[in-house]
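> when you get a sec, could you give me coordinates for this:
(one chain, ligands or ions: 1)
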Amino acid sequence: MKVVKRSFPKSRLRRTRMKSFSRKMVSENNFTINDVIWPVFVADDGKSKTQIKTMPNVYRYPIEVLLKELEKPMKQGLNAIALFPHISDDKKDGEGSYALSSKNVICKSVKKIKQEYPNIGVICDVALDPYTSHAHDGIISNGNVDNDKSLKKLVEQALLLADSGADILAPSDMMDGRVGRIRQSLEEKEYYDTMIMSYAAKYSSSLYGPFREAVNAGKLIEPKNKKSYQMDIANIDEAMHEVAMDISEGADMIMIKPGLPYLDVISKAKELFSMPTFAYQVSGEYSMIMSAVKNNHLEELDIILETMFCFKRAGADGIFTYFTPQILDALSN
Ligand code: PBG
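Next up is the predicted model:
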């Protein structure tokens with residue numbers, strides 16, 4: 001692409017900025033309701049929604065409450081949701097066994113949501129951390145998260161979620177080879193149309209802190225962090241390698257996570273691979289913005305929409321965001 005540089009006064013870039021109509025004419029990116037995916041926390045127990053301490057205005061919903069709560073966003077045009085479970089400690093063990101029970105809260109929720117709202121896209125995380133007593137995404141052996149042992153469980157979890165009716169499986173565990181194994185098992189079991197959106201480049205970020213409180217997976221027992229599987233924040237070549245591997249293993253869509261501080265990664269992945277590419281504006285980003293809003297340092301809707309345009313400009317096809325309810329209110333008016 002050749003950029004023609006003309007100089008003042010032949011070129012006054014303010015000309016097209018001067019009026020609303022011409023600003024609209026030259027606007028390069030757009031943002032619609034179809035670009036947002038709502039991450040929702042479902043509670044395993046309880047009768048009413050509970051506020052998540054680390055995330056202002058975000059709640060955990062027992063499934064019956066969620067079904068009611070979805071009425072309004074569905075009318076406003078909500079297109080897809082991503083489900084995350086909150087599991088009580090007594091149901092957790094070292095292997096995350098409850099993840100493989102068809103009676104668990106996610107399996108039940110997918111079925112009920114699909115019954116009530118057949119047209120919504122349902123995305124389910126594939127990872128064991130909400131279900132394990134040590135809060136890691138896989139199985140621990142000899143003091144470390146064991147890649148190949150974890151793969152077996154993750155494949156079983158993926159098949160169970162597909163069987164429950166999940167449209168898109170989103171492996172967020174960062175084990176090597178999981179997309180390939182999941183894809184192969186889906187084919188063998190004739191789930192030909194189940195999509196895989198891999199958390200392809202998922203960094204070991206401090207910005208997941210509020211989420212871990214939300215899903216009751218905050219207390220990492222040895223190893224005390226996820227650095228042996230999530231990516232080093234210093235790297236971007238490695239992120240492209242991860243993305244390339246997941247695509248070759250059979251991912252239909254890729255995701256980069258966290259969001260706003262990682263726009264360079266989104267932009268490069270989109271440019272190099274031309275795949276459907278998603279951003280996850282994670283819990284810590286949400287809570288930072290909300291803290292500023294609560295202190296009247298930022299105007300809520302302005303900052304939310306600005307961040308959405310930034311994601312689109314970087315090349316994201318869609319954004320996972322806890323701001324979905326505010327965005328639906330704003331765009332459906
Ligand atoms: C689970 C998972 C995490 C998030 C999504 N899936 C947490 C983690 O990896 O520790 C983070 C989402 C957020 O912070 O909003 N593997």
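> what does the least confident helix or strand in the chain by mean pLDDT contact?
Taking mean pLDDT, DSSP states H and E as the measure, helix 209-214 is the helix or strand of the chain with the lowest mean score, a mean of 92. Among residues not part of helix 209-214, those counted as contacts by CB atoms under 8 Å, 6 or more residues apart in numbering are 41, 52-55, 58, 60, 84, 86, 135, 218, 282-284, 286-287. (C-beta placed from N, C-alpha, C; glycine too.)
> what about 7 Å?
Residues from elsewhere that reach helix 209-214 (CB atoms under 7 Å, 6 or more residues apart in numbering): 41, 52-55, 60, 86, 218, 282-284, 287.
> and the ligand, which of the residues you listed contact it?
282-283 (CB under 6 Å from any ligand atom).
> need the buried ones from the contacts of helix 209-214 selected in ChimeraX.
In ChimeraX, this line selects whichever of the contacts of helix 209-214 come out buried by 16 or more other CB atoms under 10 Å:
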select :41,52,54,55,60,86,282,283,284,287
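> flag whichever of the contacts of helix 209-214 scores worst on pLDDT.
Per-residue confidence across the contacts of helix 209-214 is lowest for Gly218, with 83 (pLDDT).
> tell me the contacts of that residue?
Neighbours of Gly218 in contact, by CB under 7 Å, 6+ apart: 135, 212.
> how much space between it and Tyr208?
For Gly218, the distance to Tyr208 equals 10 Å [CB to CB, to the nearest Å].
> over to Pro325. Which of the three states is it?
helix (DSSP: H, G, I helix; E, B strand; the rest coil).
> the nearest residue to it once chain neighbours are set aside is in what secondary structure piece?
With CB to CB, 6 or more residues apart in numbering as the criterion, Pro325 has its nearest non-adjacent residue at 6.6 Å, and that residue is Pro73. Element membership for Pro73 (DSSP states H and E) is helix 71-76.
> output that helix in PDB with nothing but the alpha carbons.
What follows is helix 71-76 as a C-alpha-only set of coordinates in PDB (Å, rounded to 0.1, in the frame of the first residue of the first chain):
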ATOM      1  CA  GLU A  71     -34.900 -12.200  28.500                       C
ATOM      2  CA  LYS A  72     -33.900  -8.500  28.200                       C
ATOM      3  CA  PRO A  73     -30.600  -9.000  26.500                       C
ATOM      4  CA  MET A  74     -32.100 -11.500  24.100                       C
ATOM      5  CA  LYS A  75     -34.700  -8.900  23.100                       C
ATOM      6  CA  GLN A  76     -31.900  -6.400  22.600                       C
END
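> contacts for it?
38, 117, 120, 325, 328, 332.
> how far off centre is it?
How far helix 71-76 lies from its chain's middle: 20 Å, per CA atoms, centre = their mean, to the nearest Å.
> what of stretch 44-61?
Between the centre of stretch 44-61 and the centre of its chain there are 18 Å (CA atoms, centre = their mean).
> same question for stretch 108-119.
19 Å.
> residues from the stretch 151-300 of the chain in reach of the ligand?
172-173, 208, 211-212, 282-283.
> burial count for whichever residue of the stretch 101-250 of the chain sits closest to the ligand?
Nearest residue of the stretch 101-250 of the chain to the ligand: Phe211, at 3.1 Å (CB to the nearest ligand atom). Around Phe211 there are 24 other residues, counting by other CB atoms under 10 Å.
> equivalent analysis for Asp176, please.
So Asp176, with other CB under 10 Å, has 15 neighbours.
> could you find the closest non-adjacent residue to it?
Closest to Asp176 by CB to CB, 6+ apart is Asn147, at 5.6 Å.
> same deal with Ile304?
Ile304's closest residue in space is Phe323 (CB to CB, 6+ apart), at 4.7 Å.
> helix/strand/coil for the closest residue in space to Phe320 that isn't next to it in sequence?
Among residues not flanking Phe320 along the chain, Tyr280 sits closest, at 4.3 Å (CB to CB, 6+ apart). The three-state label given to Tyr280 by three-state DSSP is strand.
> quick one: contacts for Tyr280?
For Tyr280, the contacting residues are 255, 257-259, 320, by CB under 7 Å, 6+ apart.
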